[in-house]
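Undergrad: this one's sequence-less:
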């Protein structure tokens, strides 16, 4: 096949015929159109008249061009042009189809599967055995099977939200012998890819299909310079590109929605782009994920954990009167530690509490005013974290001395102790390793951290369990007490370096982090994770959709720490992992991840993924040529004067008829006609569901009901109408019958507004789920569920099963039950107000002064009412005489219902007539 | 005349065509109410001639009671007796008259013959004598003459007809029906000879609408009906204006010629109804008297 761009020709030598076109041009040009001979007596008057224009003895150029194009089209057509011809893939022997199946594949997974299916199908046609493997799976033996076996499995494959750990591991599982390989790759370099590719190339022909669209990925967001810093990666680098990065999170009502959006620009040729997103802390704290808008891939999603959260911390110090002694300030180190990652609130306790801080830190504050203490206690009990540091003031005070203060975790011994000072015997105390169960468990204890002074806890029974950090000699250093939903933590040393050098060490920061007082801007390192068990809270699939992680066993911090570096794997999918107090996001793309392009063995054919369908153009061109020749006939006739004027008109009309798009017939009833038809008499109406069968039954049912009404009552309805709730005015109809199918479309907002207005202004809708035989009304059947979806937007009052004394049971007939084609399913109507009572001792409450706006049931009344054009029932109901009785009851229900709609509360008032007459008589 | 054809074929063709043609002509003539021209027979007109005494055999209703009342005798009022006119027809039978611009339109010759016969019917009813010019049929009265005329109206082999003036009775009337697209000289010659004999008459030009509109376009070879004259053009549409100018000129010449000779000229199109032409001809013959 000979190719020009995407166009191939099956018989290219025929194109040489195009060379003859200029010759044809001159030939055609030299030959004028044949003259027409006319008998015309007036010729005597013409004698001697000459033509004005001599050159018109040649064919007009446009006619020539028309013919040239026609001939050229014919020549091209016979040359067998094919658009996007599929290059034939010769090959024998088994075919191995490999799919990367990584997150980067998710974006165009369907096309990849289609392409793989096409390859499998083609191999199947030539009888080659096929195997398909997804490289993100655990390596397993590859077995060649028939294409039919494989094709069924192919559609069920889905990508994984991680990259394969080591592709080369598959080498050991490859079958013996030579085979061809077809590798659908995401274009990124994954571990072991080159080795596997080499092996495959050794074993047979290796063809690689690679998507053309660049792979885009988003690194975890960091917080720096007062803004959220976003970095996106792409591979391969292309021209300048702008993508939108959306930040999503719950809005104040808890619904997940887009909170912010920023444009991220890639420079031309650059593989990464950056953007900064400045957000108010309130908004920023709510962000749960960043995602590149419009790209469904786990790599384009970056979950945020606590590292992006900025907590509001109130810092309150007892002594702020010592000017200039900054390093001695009780809050200096706290401020240094917390300022980068938290929003600090400073001021009086009464001032900061209304601001809703997450944490309140009291540095060496002993005594609180009663009102302050009460407010603080209330705040802690609602979930606040109160962190207190000891200090000279506390040591000197008698707070929590005799009885435990509510805002202190322990009782304190008087005075505290000083060890290792110039005037004491002992050495400064070091810290003991953090016990299991402590939030600090797993943190390394540096040897240089020593404590020289501290306040001492009274040895109370709860002291052991309240101690979460202790000195080497067992003296509690940090104690904690749960108070309501919150907790009170006391650090038995000062927050400055006066009593210990703990505030100077890195451990201080880590301890603050573990207490969830502060968060670390750069994410958590291995040291932060080790020692705790992390339970998957939420997992991502390959498309970046959040999945419930279910009850998956937790993973050890060390494993998680390793995954944070190497990226998620099969046993550790990306998602959110919850520890004791914090949550950690394991993202597909780590903070330092880069996207490197895959390299292939030399000589490997790398093709684009776009599988353009082969399209033979021969017939299109031939038809085009034929059309042009037809036009040429008309044109030649016109030029030679053989086309009379009438004929010309016909030709033009015919041409228009051929080329004009088919006008769509409008079958809509004009609005006025609709209104007149609907209001000329009482017209029962049913809602068009879009299902012709159901609509036909509904119409036949209302026709049958109309017949019964005409025979038995003074209501004489016109033939029923179907209404389209989207388009038609509903106000004309007193009664709508709405059969529910499980596939009808939900009404639009405008239609809902119309329906609600209809219900509020006295209309009645009879919802019929038509499933009374298989499901009691209660949401079990698909129709009932769909009814719930439909009714969600409707202004429907509280409902109750129709009570025995409802006016509907006696508007015309006295009824006990309301069968349709099915019997027994409950029928629901608007509930009576709670204060409704039986009126004047009559067995008949003065229910719902108006009419119930909805009647909901599943008895398929329309089928019971339905009659054909001859008035014969269309559907059998029940069996024998009992069935006919049931149909009669169904008809009576219909009569009662329409009577109820049309008479409103008149019928319920009738019950008072004896009483009224009696009063009048008096 | 197509003498080469067998007699029987001709007779059959005539038998097929003549009765409808005659019937049509009678019908056409019946649409015309006879005016003053027809009152030349006794009892039919107003023109007073004399009163004569009634004699036996006169119907009583013919007696002029007003005149009779003035005397004792009864009188019959008689009208002027006038010698009948001889009207000679020349109906062009040349091939050019066989032209029809549309399939559903009869050729010009049909219309010309129809008009001639219808006019003859009227004239014969009026007591005139009608005949054909040339040596074909001298003018005679009576309905039989109508049949004879119908027989003699025949096709010609020439492309364009040559008007025949011989046979026109002195001081008689003549009716020339043709398309007058042939050479004008022959017409002029014939008219001159007719005028020499004191004959007056009408020129009725019968044209097809196609000849008036010239609805042709493209490369065309126009041929006369007999093929003797041809003209080729590459763009017939360009000729239209000039053709129409020439046609108008021809009509003008005809009108001028007719006026000079004291004749009447009228152009009739086969696309129109025949009745208007018949009325005009009737009026023109009457007016020229």
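TA: Arrived safely, thanks for sending. Every value quoted in this text rests on a predicted model; they were computed, and no experiment measured them.
Undergrad: CA only for contacts and neighbour counts going forward, please
TA: OK.
Undergrad: what's near enough to touch residue 205?
TA: Unless you meant another one, I'm taking chain A. Counting by Cα atoms under 8 Å, 6 or more residues apart in numbering or on different chains, residue A:205 touches A:179, A:180, A:181.
Undergrad: try chain B instead
TA: B:177, B:178, B:179, B:180, B:265, B:266, B:267, B:268.
Undergrad: mind putting those residues in a markdown table, distance to residue A:790 included?
TA: Shown next, in a markdown table, are those (distance: Cα to Cα, whole Å):
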| residue | distance to residue A:790 |
| --- | --- |
| B:177 | 89 |
| B:178 | 88 |
| B:179 | 85 |
| B:180 | 88 |
| B:265 | 89 |
| B:266 | 86 |
| B:267 | 83 |
| B:268 | 81 |
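Undergrad: Of these, which is the nearest to residue A:901?
TA: residue B:268 (80.0 Å; Cα to Cα).
Undergrad: so what are the domain limits for the chain?
TA: Picked chain A for this. Here the domain assignment for chain A is A:95-214+A:596-608, A:215-308, A:311-514, A:672-910, based on automatic domain parsing.
Undergrad: wrong one, chain B
TA: Split by automatic domain parsing, chain B gives B:7-35+B:83-287, B:41-79.
Undergrad: Return the list of strands paired to the helix or strand harbouring residue B:204, each annotated with direction.
TA: According to DSSP states H and E, residue B:204 maps onto strand B:200-207. Applying DSSP bridges, strand B:200-207 is found paired with strand B:173-178 (parallel), strand B:264-269 (parallel).
Undergrad: With mean neighbour count as extra columns, can I get the ones you listed in CSV?
TA: As requested, these are exported to CSV (neighbours: other Cα atoms under 10 Å in any protein chain shown):
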stretch, mean neighbour count
strand B:173-178, 26
strand B:264-269, 21
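Undergrad: Put the buried members of the contacts of residue A:205 into a ChimeraX selection.
TA: To isolate the buried subset of the contacts of residue A:205 in ChimeraX, counting by 16 or more other Cα atoms under 10 Å in any protein chain shown, use the following:
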select /A:179,180,181
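Undergrad: Out of the contacts of residue A:205, the closest to residue A:691 would be?
TA: Using Cα to Cα, those come closest to residue A:691 at residue A:181, 48.9 Å.
Undergrad: Spell out the secondary structure type for that closest one.
TA: Under DSSP: H, G, I helix; E, B strand; the rest coil, the three-state class of residue A:181 is strand.
Undergrad: Go ahead and confirm it touches residue A:207.
TA: Yes. Using Cα atoms under 8 Å, residue A:181 is in contact with residue A:207, at 6.2 Å.
Undergrad: And the domains of chain A: which comes nearest residue B:200?
TA: Among these, domain A:672-910 sits nearest to residue B:200 (Cα to Cα), with 73.7 Å.
Undergrad: Make a markdown table from the strands paired with strand B:200-207 and add mean pLDDT to it.
TA: Output for these, formatted as a markdown table (pLDDT from 0 to 100):
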| stretch | mean pLDDT |
| --- | --- |
| strand B:173-178 | 89 |
| strand B:264-269 | 90 |
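Undergrad: Can you lay out those strands as TSV showing distance to residue A:198?
TA: Below are these laid out as TSV (distance: least, Cα to Cα, whole Å):
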stretch	distance to residue A:198
strand B:173-178	103
strand B:264-269	97
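Undergrad: what's near enough to touch residue A:45?
TA: Residue A:45 makes contact with B:181, B:243, B:246, B:247 under the criterion Cα under 8 Å, 6+ apart.
Undergrad: can you do 7 Å?
TA: The contact partners of residue A:45, taken as Cα atoms under 7 Å, 6 or more residues apart in numbering or on different chains, are B:243, B:246, B:247.
Undergrad: What strand or helix carries it?
TA: helix A:43-46.
Undergrad: cool, and residue B:66?
TA: Residue B:66 belongs to helix B:65-69 when assigned by DSSP H and E.
Undergrad: who in chain B is up against chain A?
TA: Contact residues, chain B versus chain A (Cα under 7 Å from any Cα of the partner chain): B:96, B:99, B:181-182, B:211, B:216-225, B:230-231, B:233-235, B:243, B:246-247.
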